[in-house]
Structures are given as structure tokens and as C-alpha cells.
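Visitor: show me the folded form of this:
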Amino acid sequence: MNGSDDMPRIRDIAQVCKSKNAGPFLVTIDVLFEDAAVYRQVKATGVLNAALFARLYGVPEEKVLFTPYDAALAFKATLPRLVPAGDFGDTDVYGAQQHAPLLEVEIPLNA
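Guide: This next block holds a predicted model:
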């Protein structure tokens, strides 16, 4: 726990945090938890939401499809890519590095 108030970050508590293309114009980011109790705590904080993804990725909130998926202990966000896959200026053609900003998000879990 390296947060400002010893709050865990996504990188500390999620078993998987990954991104991938959802076609050439969209990217999907998945955050999965192994422990159901931790997933429920994270969900209860409300920190992971469409507004957070919009802010982190510089896209309008109404363009973010955000879904908590209880059966998989997961959160999924699909959002527009700022540069289409393979287009001039694209630095991540597979969308595989787009999850990085999310790793630093602090989650205020109960002690």
C-alpha cells in the first residue's frame, strides 16, 4: 500500500487489470478480482465509474460504457481510442498498454 494515506491502489488489490482493442476505434479495460469480499468493497466505494475513466482517458463521460459484472468479480469499461488503432500517431496498436493510468487509482477500503 503506497497511497497517500496508505490506501491501496488498483495495482495492489486487483488480480488482473488489462486493456485490449474492442475494434479499431475502441479500447476495453478490465479489472478483475479474485476475492469476492474485496470486489464488493471496491464496488461499494463507487470510485470505479464512468466519470473516472472519462477523466483518466480524456474522453466524454457519455462515451464510456462502464459495467460492474458481479458474476465475474469484475469491472469493464469500453471507451473511444483517442487515435484509431494503426493510424498515424498510434503508439499502442493492440491497446494492450492503455490500462496503465488505472493502476495508480487509490481505493479507500475499510481496514
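Visitor: what's the burial count for residue 10?
Guide: Residue 10 has 21 neighbours, counted by other Cβ atoms under 10 Å. For glycine as for every other residue, the C-beta is placed from the backbone atoms N, C-alpha and C.
Visitor: per-residue pLDDT, the spatially closest residue to it that is not a sequence neighbour?
Guide: Closest residue in space to residue 10, ignoring its immediate chain neighbours: residue 105 at 5.0 Å, by Cβ to Cβ, 6 or more residues apart in numbering. Looking at residue 105, its pLDDT reads 97.
Visitor: from residue 19, how far off is residue 105?
Guide: 14 Å (Cβ to Cβ, to the nearest Å).
Visitor: what's the answer for residue 63, then?
Guide: Residue 63 is 16 Å from residue 19, by Cβ to Cβ.
Visitor: of these two, which one has the most company?
Guide: residue 19 (21 against 14).
Visitor: low pLDDT regions in the protein?
Guide: Low-confidence segments of the chain (pLDDT under 70): 1-5, 111.
Visitor: so where do the strands sit in it?
Guide: 16-21, 26-32, 65-69, 74-80 (DSSP state E).
Visitor: make CSV out of those strands and add distance to residue 101.
Guide: Shown next, in CSV, are the strands of the chain (distance: least, Cβ to Cβ, whole Å):
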stretch, distance to residue 101
strand 16-21, 10
strand 26-32, 9
strand 65-69, 15
strand 74-80, 12
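Visitor: looking at those strands, which is nearest to residue 98?
Guide: Minimum separation from residue 98 across the strands of the chain (Cβ to Cβ) falls at strand 16-21, 3.8 Å.
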